[in-house]
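Asks: No letters, just coordinates:
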C-alpha cells in the first residue's frame, strides 16, 4: 500500500471521530463510576463544555518554552499513535498510515507523550509536577515492561511487527484472537494496559490526595484544554493498539465502539473499587506479577 | 311652631338660655375653678347653638336615625338646686338633668306632631340633646365616678 | 520525647522542600505540612497550624456564660456536639446545676450519633487518602442522613447548639426513633460494604499495614489518647473508665488492637462504629419519653458562676477532649482551655511519625491519626 | 483518705505545696513554687504514675500581676488527675521547659509563648509563629489586649448599623425633657 | 567575605529596567494611611493583572459565558467551617457534578473560589495568592455570615470582617453554616450572573488593584510566603 | 494477600445497580425540618424590649424605630433588625424572647451580590419567609428566664384579718436577689413609671447586694421609697416584659428590699445630701407625697422650704388614706423624717385660707408649690344619701388612722372599686364586719390594685360587680340602712375608653346593712385661691392643668399631685413634686438638670 494525499483528510476524519467518541465515552465511564458511588455524575456533554471553557479562559501564564511544548508533545504522542495504527481494519478511510508504522513505532509514541509531558511539567517548576513526573516515568517504565514482553511474544507468534498483519492474522473467528491463541501474552499485556491508563490502583501519577494533581498542576486554560483533548485521544489510541494486537481489531465502527468500550471498562472496573498503590509498590507489583507472566508468554511461544 | 325654621329658632333660643344660665352661675361662683367649669359649660351650649344655626342655614343636617347611648346616670341621681358654691359634681348633675329635660321636651313634641318633616326635625333635635346628655354623663362617669 | 531535628542542608540539592497545604486535598482541613524530602522519603516534617485560628479562648473570656454556648461548637467543625456537651458539663459542675435524666439520655444519643457521623466522615477520608474515592462518596452521603436526623432533632445540620448548660433545648421529635433506626440500619449495611471494599482490599492492606507504627512507650510520652491509643494495645476509654452521662448504663465493648499501625487504627475505629450503632439502639430504646429535659436555670442574661476551676473530659472520636475552666465569680469566665486530642496527634506525633515515610503516605497517615485542625488552633 | 491527700502528704515534705483544692473525687489542684515545679513534675511522672500530660495552660491574673501555669497530669492506674499550678511573674514570665519530658509540651510552650509571651528557654521552635502570622501587637491572650477594639480598628465593621436603647428611645419619644420651653427666670 | 568589587557588579537597573508598575511605590489606603508597596515582594503573581477585554463578537462572548457557567471548577480550598458542607455538595446526596461543578486541587485550573466562612489573617494571605493564581475570568463566592460582616467572629483578633475589601466577591450566601442546598442555589445564581456577563470580579480586581492591595497590606503584616507557588 | 482480598472489593459493584442517593432537585425538595433554625420572623406581639439584642453574642441585632408604629408605654417602638453578616442562628434570641414573638422560619436560602443587603427588620420588612409556619420555636418546657415570681412571705388571710399588722413581710435578702435576678433589664418599665425611676438599675443593685447604690438610685427620683416599696400602684409591673409569659418582676418589693436593708441613720451619709442654704424660700402647700417630694428636692438644692399642712401629721393621703397593714406608720415616718431631717420645716394644723392666706404665701416665698390632693369625698347624690349610716370611705380610714372608732357595725356595704373602697372594705373586715363591695363595673375594670382586690377577696370581702346603687332607704332599725341597687349591663365606649355600665331597671335588689361606706371618688378643695388669679390659672374639670415643669399661669405657683394629674397615685404625686422642684429651680435661675 502506498501513500496517497486523500489519506490525510481521511486520517483527520478518523481523529475527529475518535475525539468525539472519546469525549462521550469517558463521560459515560465517569457516569458509571459515579453510579457505583451512588450518584448520577456529570452530563455526557460535560467534557465539551469544559473544553470550550478552558479554551476561552483568558489568562495565560507560561513558565517557558518547554512548558508550552509539553502538552503539544503529549498530544503528538496520542495523535501519532492513532495515525500509525489501523483504526478500522480493512477500511480504506480509517486505516490511517498503518501500513508504514509498526509496533516499535507505536511503543515509541506511547512513551513520547509521557516524555513530553515530563519535560513540560518539569519546566513548570512546581514540585508536585516534578514528583508526579518522576513517579509517572518510573511507573510507566515498569508497566511497559510486561507489555514489551507481550509484544515480543506476539511478534514471535505472528512473525511480524506490522500491526495490520497481526490484525489480519486474527480475522475469521473469535478464536483466532490472540486472547485465545496466546492468553499469557494477553495477561501480561493487560498488566501494562491497566498500569498505564492512570486509574487506580495505578494512578499515583495524578494522586489528587498526595501531589494535588501531579504533572498538570501548573497547566491551565488552553494548555489544559490541549491536555484534555489528549486525555481522550491517548487512552483510546492505546486501547486501539491492544484491540488490534489481542482482540482481533475492529472491522467496523460498531465493533470498534464495543471493543474499545469493553477494554476501557476493564480499567474502570478495577479502578472504582481499589485504592491506590504507592509508586514503588506498583513497580514491585508489575515486576512481581507482570514480568513473570510476560516471560512465560514468551516461553509459551 | 309650624315651620322648621320656627322650631329651630326655638331650639336656638333654648341653647342661648342655657348658656346664659351657666354664665350667670359662673359669675356668682365662689370657687376659681368652678367659674372656669361653668363657663366651659356655657361655651358648650354656645357651640350647640352654633350648630343649630348652621342647620338652619342649611350647611348641615340633623340626623335622627342614629342611636344615642343612654347611660341613665342622671336617672337615679337627686335633683340639685344650683347655688353659688356649687361643686363640680353638682354642676354636672344639673347639666345632665337640663339636657335630659330638653330631650324629653323635643321627644314629646315630636310625638304630638303629625307633619313628618317637622316630626323629623324634633326627633333630630331630641337626638342632639341626647348626645349632649351623653357628653355630660360620660364626664360624670369619668370625673366623679372615678372609683365607682 | 523531643529529639532535635536533623540539620538539613537544602542547598545540597539532595533534599526538596515540599509544602502540603493549606490548600491541599490530602490535608484534613486547613493546615500545612512542611516536608523535607529526599526522593520520595520524608526526612523532616513540620506541622504549621493557625490557618483556622479564631481565638476562641479569648472570645469566650468576653462573652457571658450563655453567650458562650453557641460559640463553643465551632471549635471542632466536624464534631461540634462534644464541645457543646463539655461546655455544658463544665458550667454545670461549677454552678452545681444538675441536668435531668432525660436530658442525659438525649445528650448521650446526640453524642453517639455525632460520633458515628464523625467516624463516617473519617472513613471516607481514609478511603480518599488512599485513593478510594467510592467509599468517600458513600460515607459522606450516609453521614448526611445522620445530619438529617440532627436537623430534625436540633434544628441544624452541623452546628446543632442543642446541648445547653442545664439540659437540652427540646424534646425528641415525633417518630424520631423509627427514622433513626432506619438510618442506623442503612449505615450498618454500608459498613459491611465498606469492609468488603476497603478493609478486605489487598491494596489497602498493603498501603496501611506497617504505616505509622506508634510504639506503646510513645503513648504516654506523646499524650496519645483515644483510638490511636487503643490501637496500641491500651484498654483505656473514658466512657468506661470515668463514666459520664449514662455510659455506665450502656453495654459496649472497648475495642483494642495491638499492631498500632494505620490499619489497626482504622480497624479499631471501624469496629467502634459498630459499637456506636449498638449503643445508639440502646439509647433509642431507653431514652425516657417523659419528664423535664432542662434543669431550673437562673436568668441567663446575667449569670454569675461561682469562683472555681475544674476540668471535665470526655471520650470524643479522636480521644480525650476536655474543657478546663477557671471562673472568678463574675458574669464572665476567667479562662477556658480546650484540650483537643488533635493537638498532640497532629503536631508532635505527626511530626515524629512522618519521618521515614513516603510522601504518598502523609495524607493517609494524617487521616489515620484522625486530626482536625480547628480544634488545635481554636 | 483520698488519693490526692495521700499523694500530697507523700510529697509535702520535700515540696512547698499550697492551696490544695480537691475539686472532685478524681481531680485535685495544688500549687508549688516555680523553682520546685519541674522537679516535682518529674517525680510525679516517674514515681507516682502521673504519666499523661493532658495539657499545659496559663491563667492570667492581671489584677495580681501574675500568670498561673497549670500542668494537668493524669494517672491512668488510679484514674486521678492533678492540676499543678505554678505562679509566674507577669512582667517577666519565664519558666523552665519540660519539652524533654513530654513531646507535646513543646507545642504547648510555643503556644504560651505566642499567646502570653511566656519564655521557655530551650524549648524547640519556641519563637516560630504558631497560630499567628505577622502579629505586631501584645500577645493576644493577655487580659489587657482588647480583641474587639483591635478587630474594629483593623478589620472594620460594615456600615449601616445602629441601635437604640429601648429605655433612652422611650424617653425621647414619650417624656422628653423640656429644655427649650422651660419657665423663664422669675426674678 | 570580602565585599565585591564594584566594577564586577552589574548595573541591573539599567540593563533590565523595571516597568513602571513594578517599582516600589505608595498607595493610599481607604482610611487615609499611605502604604508602601513593593510589587516584586508583595504581589503573588509577579506582575499586576490586566483587564481582560471581552470578545469582539457578542455572540462569541455569550457562548463562552455559557460554557463558563456550565463548567465551574471550584478550588478545593476549605478556608473555614463551611468547607464541611461542601463535601455533601460534591457527594451523592447533592451531586454537584450534575451541574458541571468540579473540585480542582490547584488554583491554576480553578475558576471559582469559594471562601467557606471566616478567614484568619494567615489564610487570607493564602486565599489572595490562590485567587491571583487563578486564571481569569474567575469568580469568588463568600459562603456564610463571616464573609459578610465578620459573623460570630466579629470581635476576633485574627479573622477579617469584610471580605469584599480584600477580594472582589461576586456572590454572598448567608447562613452559619449555610446548607449545601444554599450553596447550590448560590452557584446556580452565579451561573445566571455569568451567563448575563455580569460576573466581572476579576476585572474589578484589576481596576481597583491598588485599593485592594492597600487593604490587604493593612491587615497582612507578614508577606513572606513559603517559597513556591502552588 | 488472600484470594478473598482480591475478589471481595468487586462485590460492591452491585451498588451500581441501585438507585443513586441523589436528590433530584434539592433546593425545591428539601425544605428545612420543622424545627429548622432558618431566618427570623417576628410577630405583632413584639414590644421591642431589646432582650434579644442583649443576649446576642454576635451583636447581630439592632433595635431600630419602625415607621408607623404607635408609640405607647409598654412598647418601646423599636423592633429588632438583624444583620445576617453577623448572625449565627443560635436562636438564643428566640429562646430569650420575653413575649415569644420572635421565631425562626425554616427558610434558609438567601443569596445576594450585595453584602450590605443582609439587614432586615424581622416581621416588618417584607420577606419571603414571613408566612412560614414551620421553623424553630422555643419549647414550652425550656426556659432561659425564670418566669415564676419568687414567693414573698405574707400573712395568710386568716391571720391578716385579725389585726393591722403589715401583710407583706418583705423579701429576705436571698429572695430579693433571686427575684432581682429575674429582671432582664430592658427598661420598658421606666417610661411607664410616672417618676421614671431607673428601675433596671436599682434592681441590678439588689442583685449585686449593693444597697447603697440602690438607695442613691431610688432617691434620685423618689424620696418616698420606703412607702412606694409597699403601696405603689406599680404601673411598671403592668408593662414588665416578664409578665408576658410569667409573673412580672416584683419591682415594688425590690424597692422595698433596698430600703429595708438600709437603716435610716445612714441615709444622709449614703445619699450625701449636704444642704447649703441658698437664701431663697419656697412654700409648699400640703405635706402629702407630692409636697414632701418637692420639699425634699428643693431642700437638696438649698432652698428654705416651709410646708403648710392642715392635719396634725405629715403624709397626707398616705397617712390617712392608706391603712397601716399596707403601710405601717413607722415606714412612712422613715421617709418623712428623713426629709424633715434635712431642714424642711412643716407647719402642722395650718390650713391655707384659714390660718394663713394664699396671698401671704405668695408674698413671703419665692415660689409656691401646691399639692393639696383630693380630700373631699364625692357624694353619691342618690336619694336618701343623708342617712346617718352612710359614711364616707375616707372618713372611715381617717378615723382608723387616728385611732378612732368609725362605728361601722357588723354588716357593711362598701360602694366603689378604687383603692379607698378596698381599703375601707379591708379595714372593716379587720374590725370584724362582714363586708360586701358594690361596684358599678366589672371586677377587671376596678381601679384598685389587683393585689388589693385579691387580698380583700381572700380576706373574705364579697365583691359584687355591676351593681349600681340607686337609692338609700331607712331600715327598720335606726342603726341600719337599706340600699337599693340595680344590676348593670356594660356598654362599649365609642371613644375606646373603659366600658360603661347601664342600669337595668328591671333587675333591682334591696339589702340592709349596718352601714354603707361610700368610696366612689374624691374631689379637691382649692377655694383658698382668690378668684382674682383664676384668669391666670388653667383648669380642666376639677383639676389644674399645669404647664411645663408643673408651672401654672401664675408664674410663682407650681402645682402637682392628685389635684393636678389624672393618675391619682402617690408615685405620680412624687414625680410632680420632683418635676416642680426642678421647675422652681429653673424658674429661680438654676439649671434644670438638678
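Replies: Structure received. For clarity, every value in this text was computed on a predicted model and none was experimentally measured.

Asks: Pull out the buried residues from the lengthiest helix in chain C.
Replies: Of all the elements of type helix in chain C, the one with the most residues (DSSP state H) is helix C:101-129. Buried positions in helix C:101-129, judged by neighbour count with 16 or more other Cβ atoms under 10 Å in any protein chain shown: C:102-129. For every residue, glycine as well, the C-beta is placed using N, CA and C.

Asks: now for it, which elements pack on it?
Replies: Judged by 3 or more Cβ pairs under 8 Å, 6 or more residues apart in numbering or on different chains; DSSP states H and E, the packing partners of helix C:101-129 are helix C:80-95, helix C:133-154, strand C:167-168, helix C:176-194, helix C:262-286, strand C:308-316, helix C:359-369.

Asks: what helices or strands is the helix or strand just after the last one leaning on?
Replies: Same thing as helix C:359-369. Going down the chain from helix C:359-369, the next helix or strand is helix C:373-377, by DSSP states H and E. When contacts are defined as 3+ Cβ pairs under 8 Å, 6+ apart, helix C:373-377 packs onto helix C:342-343.

Asks: after the helix it packs on comes which helix or strand?
Replies: helix C:350-354.

Asks: Report the mean confidence score over stretch B:41-60.
Replies: Stretch B:41-60 shows a mean pLDDT of 79.

Asks: List the buried residues for it?
Replies: Those would be B:41-42, B:44-46, B:48-49, B:51-52, B:55-56, for stretch B:41-60 by 16+ other Cβ under 10 Å.

Asks: Contacts only, for residue 259.
Replies: The chain I'm using is chain A. Residue A:259 is in contact with A:243, A:247-248, A:250, counting by Cβ atoms under 8 Å, 6 or more residues apart in numbering or on different chains.

Asks: not what I meant, chain F
Replies: Residues counted as contacts of residue F:259 (Cβ under 8 Å, 6+ apart) are F:215, F:218, F:225-226, F:229, F:334.

Asks: Need the three-state assignment for the residue lying closest to it once chain neighbours are set aside.
Replies: Distance criterion Cβ to Cβ, 6 or more residues apart in numbering or on different chains; nearest residue to residue F:259, sequence neighbours excluded, is residue F:226 at 4.4 Å. Assigned state for residue F:226: helix (three-state reduction, DSSP: H, G, I helix; E, B strand; the rest coil).

Asks: same deal with the one 3 residues further on?
Replies: At residue F:229, secondary structure determined by three-state DSSP is helix.

Asks: My guess is it contacts residue F:255. True?
Replies: Yes: using Cβ atoms under 8 Å, residue F:229 is in contact with residue F:255, at 4.0 Å.

Asks: Please say which of the two ends up with more neighbours.
Replies: Neighbours per residue, other Cβ atoms under 10 Å in any protein chain shown: of residue F:229 and residue F:255, the larger number sits with residue F:255, 29 against 26.

Asks: so what's the residue nearest the centre of chain E up against?
Replies: Centre of chain E computed as the mean C-alpha position; nearest residue by Cα atoms, centre = their mean is residue E:131, 3.0 Å away. By Cβ under 8 Å, 6+ apart, the contact list for residue E:131 reads E:107, E:113, E:138, E:140, E:167, E:205.

Asks: give the contact list for residue F:232.
Replies: Counting by Cβ under 8 Å, 6+ apart, residue F:232 touches F:252, F:255, F:569-571.

Asks: Including secondary structure, could these go into TSV?
Replies: Formatted as TSV, the contacts of residue F:232 follow (three-state DSSP):
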residue	secondary structure
F:252	helix
F:255	helix
F:569	coil
F:570	helix
F:571	helix
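
Asks: among those, which two are most distant?
Replies: Using Cβ to Cβ, the contacts of residue F:232 reach their maximum pairwise distance at F:255 and F:569, which is 14.6 Å.

Asks: got the contact list for the residue nearest to residue C:31 when sequence neighbours are not counted?
Replies: Closest residue to residue C:31 apart from its sequence neighbours, by Cβ to Cβ, 6+ apart: residue C:373 at 4.0 Å. By Cβ under 8 Å, 6+ apart, residue C:373 lies in contact with C:28-31, C:49, C:51-52, C:342, C:346.

Asks: Same question for residue C:365.
Replies: Residue C:365 makes contacts with C:211-212, C:262, C:350, C:353-354, C:357, as judged by Cβ under 8 Å, 6+ apart.

Asks: pretty sure residue B:111 is in a strand, no?
Replies: No: counting by three-state DSSP, residue B:111 falls outside a strand, being helix.

Asks: Using the three-state scheme, assign the closest residue to residue A:226 other than its chain neighbours.
Replies: Excluding the flanking residues, the one nearest residue A:226 by Cβ to Cβ, 6+ apart is residue A:71, at 4.0 Å. Recorded secondary structure, residue A:71: helix (three-state DSSP).

Asks: After the helix or strand where residue F:363 lies, which helix or strand is next?
Replies: Following DSSP H and E, one finds residue F:363 within helix F:358-364. Heading C-terminal from helix F:358-364, the first helix or strand you meet, by DSSP H and E, is strand F:367-370.

Asks: now check that following strand, is it near chain D?
Replies: Yes: Strand F:367-370 lies within reach of chain D by Cβ under 8 Å from any Cβ of the partner chain, at residue F:367.

Asks: Run through the neighbouring helices and strands of that strand.
Replies: Contacts defined by 3+ Cβ pairs under 8 Å, 6+ apart place strand F:367-370 against strand F:281-285, helix F:289-300, strand F:557-559, helix F:570-587.

Asks: Out of these, flag the one nearest residue D:172.
Replies: helix F:570-587 (17.3 Å).

Asks: which of the residues in the helix holding residue F:363 are buried?
Replies: Those would be F:358, F:361-362, for helix F:358-364 by 16+ other Cβ under 10 Å.

Asks: Past the longest strand that chain F contains, which element shows up next along the chain?
Replies: The longest strand of chain F (DSSP state E) is strand F:500-513. Using DSSP H and E, the helix or strand that follows strand F:500-513 in sequence is strand F:515-518.

Asks: next one: the helix or strand following that next one to chain centre, how far?
Replies: Of the helices and strands lying after strand F:515-518 in sequence (DSSP H and E), the nearest is strand F:522-524. Chain-centre distance of strand F:522-524: 22 Å, with Cα atoms, centre = their mean, to the nearest Å.

Asks: next SSE after strand F:522-524?
Replies: strand F:539-540.

Asks: which residue ranges form the strands in chain E?
Replies: Using DSSP E, strands in chain E cover E:25-28, E:34-37, E:72-75, E:101-104, E:112-116, E:139-143, E:171-173.

Asks: Which helix or strand in the chain has the lowest average pLDDT?
Replies: Just going to use chain A. The least trusted helix or strand in chain A, going by mean pLDDT, DSSP states H and E, turns out to be helix A:103-124, with a mean of 74.

Asks: not what I meant, chain F
Replies: The least trusted helix or strand in chain F, going by mean pLDDT, DSSP H and E, turns out to be strand F:539-540, with a mean of 74.
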